[in-house]
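Engineer: Fold the following for me, if possible:
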Amino acid sequence: MNNELFNQAKDAYRARNYELALALYTQCLQDARNPLGPGEEGQLYHQIGNCLVKLNNPTEAIQSYTLATADGAYDACGAVNYNLGMAYASLHDFENAERHFEIAVSDRKYGAAYKAYAAMGNALMKMGKTAEAGVAYREAALDDANPDPTKSLLNLGVCFMALDRPADAASVYESALQLNPPADTRNRLYANLGQAYVAVGQMQKAVHAFEQALADQTYFLSDSARIDYQKAVGAVSQGASDCTQKMSPVMLGNDMSGLDVMAEPLMDYDQDGQYALQAADGYAAGYGPEGYEGDPGYQGQGSGDMFFTATDEEIEKWSRGIAKQDRKRRNVGLKALVAVVFLLVVAFGACIFLYIQGFGFPSQESVIGQLFDDPKAAVDTCFADEVDAAKAATLVELVVEDPEVVVDGMNKSMTESTAYVTAQTPQGGDVDYKVSLVRSGIGWKISNIELYFASQN
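Structural biologist: Numbers count the residues shown, from 1 in each chain. The predicted structure is shown next:
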């Protein structure tokens with residue numbers, strides 16, 4: 001590799017002249033007079049991807065990072081896949097983002113797995129996978145390299161609240177507060193702790209937690225937290241400091257307030273002999289007033305929040321932070337581990353309960369919608385295995401095509417369901433059906449269709 005050209009590219013990158021850096025890295029990659037050594041192709045594609053990110057072009061950055069991962073001699077699998085995950089997340093492709101975060105944390109040589117775990121938790125939350133997100137936040141909090149595990153513990157508590165486990169959420173928030181977090185994180189923790197106490201009926205503790213959140217007058221409660229604060233104050237003033245009837249987070253609005261996006265930059269080794277700051281989030285707003293507060297995404301030139309070189313002072317400060325937090329982390333690890341076990345148990349129990357109650361995927365309503373949306377196509381996709389193709393074709397002859405079919409009623413059990421359906425003919429008339437369904441794996445399939453006449457039943 002042309003080391004002189006490579007160093008010029010690094011200097012341009014550090015000077016935030018990303019267009020020049022991109023051109024020089026590309027020239028270095030294509031320099032036929034200076035053949036590339038083992039791993040150098042991957043290193044150049046990694047740096048080209050960083051430049052493209054700085055130039056607000058995550059789509060082409062993904063292509064470059066992917067080429068970097070194709071170089072088996074380039075020993076930076078974790079860092080590149082983390083960058084890939086962040087690039088996909090900035091495009092709101094959270095499934096691919098999660099996949100690359102998984103690869104990043106599987107690289108034992110990657111020294112910042114907590115970043116990938118935290119970002120994975122954010123992606124899983126965006127996909128509605130709350131239990132899985134809790135596991136990811138727990139791993140981020142327990143990573144010895146994490147300089148500030150309180151943010152991941154904050155998010156783990158939010159997951160517990162979303163899963164109707166306020167007692168576990170309170171335990172996590174209390175553990176995080178023992179680590180003496182920064183003021184803004186501490187205030188969020190106290191506000192969330194207040195809501196968790198309200199949810200379990202401990203009103204005196206709730207009032208104290210809310211007052212701690214507001215003590216320095218820099219923090220403002222979310223709408224749901226303000227309502228909970230008023231409830232707690234009212235209960236205490238009436239002499240009911242501990243309510244016997246607990247309130248579910250669902251009743252309280254379940255607005256995900258307090259979900260932290262790790263807005264502060266995180267340290268990462270940039271594979272060129274320097275430490276670099278990388279953005280910790282690329283997600284859109286949507287998790288409450290104190291959750292996703294914006295969509296920083298991947299900023300263009302001059303953003304200064306990722307991939308640029310840190311000063312020696314910043315590196316030293318970061319190292320001191322790791323040492324300080326490491327002395328306080330042991331008790332948190334045990335509590336977080338116990339808490340996440342509860343989370344997994346309740347998630348498994350919820351799945352079993354829903355299965356027994358007749359819920360499934362695809363649901364009965366979904367299968368019926370497919371049937372009436374395209375009866376002929378439904379012959380191959382919507383019928384149970386015991387219904388042969390000839391019988392299925394005969395049954396669909398009864399069906400009036402209606403994409404807006406109405407399910408009037410449903411009798412559900414664990415293995416069988418019966419739906420009463422009304423479809424509208426092109427002439428405007430109504431036709432009533434009785435559709436029988438049977439369990440197929442975790443979902444449902446149709447076993448019989450017949451015309452239904454209410455006057456005769």
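
Engineer: Report the strands that pair with the strand ranked longest in the chain, each with its relative direction.
Structural biologist: Ordering each strand of the chain by length in residues (DSSP state E) puts strand 430-440 first. Using DSSP bridges, strand 430-440 pairs in its sheet with strand 416-424 (antiparallel), strand 443-451 (antiparallel).

Engineer: how deep is Asn96 tucked in, by neighbour count?
Structural biologist: By the criterion of other Cβ atoms under 10 Å, Asn96 has 16 neighbours. For the C-beta atoms, the positions are set from N, CA and C on the backbone; glycine is no exception.

Engineer: For the one helix or strand it maps to, list every residue counted as buried.
Structural biologist: Of the helices and strands defined by DSSP states H and E, Asn96 is found in helix 94-106. Of the residues in helix 94-106, Phe94, Asn96, Ala97, Glu98, Arg99, His100, Phe101, Ile103, Ala104, Val105 count as buried by neighbour count, 16 or more other Cβ atoms under 10 Å.

Engineer: what's the spacing between the longest strand of the chain and its chain's center?
Structural biologist: Relative to the centre of its chain, strand 430-440 is centred 36 Å away, using Cα atoms, centre = their mean, to the nearest Å.

Engineer: Could you do stretch 89-96 as well?
Structural biologist: On Cα atoms, centre = their mean, the centre of stretch 89-96 falls 10 Å from the chain's centre.

Engineer: Domains in this protein, by residue range?
Structural biologist: Following automatic domain parsing, the chain resolves into domains at 76-165+247-334, 364-456.

Engineer: quick one: average confidence on the first one?
Structural biologist: Right, domain 76-165+247-334. Mean per-residue pLDDT for domain 76-165+247-334: 65.

Engineer: Next: the last one.
Structural biologist: Throughout domain 364-456, pLDDT has a mean value of 87.

Engineer: neighbours around Ala162, how many?
Structural biologist: Other residues within reach of Ala162, judged by other Cβ under 10 Å, total 22.

Engineer: if I look at it, how far off is Leu84?
Structural biologist: Ala162 sits 28 Å away from Leu84, going by Cβ to Cβ, to the nearest Å.

Engineer: Any idea which of the strands paired with strand 430-440 gets closest to Ala169?
Structural biologist: strand 443-451 (32.2 Å; Cβ to Cβ).

Engineer: from the middle of its chain, how far away would that closest one be?
Structural biologist: With Cα atoms, centre = their mean as the basis, the mean position of strand 443-451 lies at 36 Å from the chain mean.

Engineer: Leu142 contacts Pro149, doesn't it?
Structural biologist: Yes. Between Leu142 and Pro149 there is a contact under Cβ atoms under 8 Å: 7.4 Å.

Engineer: Looking at the two, which one has more neighbours?
Structural biologist: Here Leu142 and Pro149 are set side by side on neighbour count (other Cβ under 10 Å), and the busier one is Pro149, at 29 against 20.

Engineer: In terms of helices and strands, where is the closest residue to that one other than its chain neighbours?
Structural biologist: For Pro149, ignoring the flanking residues on the chain, the nearest one in space by Cβ to Cβ, 6 or more residues apart in numbering is Ala141 at 4.1 Å. For Ala141, the enclosing helix or strand under DSSP H and E is helix 130-142.

Engineer: again with Gly85
Structural biologist: helix 77-90.

Engineer: repeat for Tyr110
Structural biologist: Counting by DSSP H and E, Tyr110 is found in no helix or strand.

Engineer: what about it, neighbour count?
Structural biologist: Quick note: Tyr110 (other Cβ under 10 Å) scores 22 neighbours.

Engineer: If you drop the residues flanking it in sequence, what lies closest to it?
Structural biologist: For Tyr110, the spatially nearest residue (Cβ to Cβ, 6+ apart) is Gly78, at 2.3 Å.

Engineer: now swap in Thr185 and tell me
Structural biologist: Nearest one to Thr185, counting by Cβ to Cβ, 6+ apart, is Thr150 at 5.3 Å.

Engineer: on that earlier part again, tell me what the helix holding Gly85 is packed against?
Structural biologist: Packed against helix 77-90 by the contact rule (3 or more Cβ pairs under 8 Å, 6 or more residues apart in numbering; DSSP states H and E) you find helix 40-54, helix 58-69, helix 94-106, helix 113-126, strand 266-269, strand 275-278.
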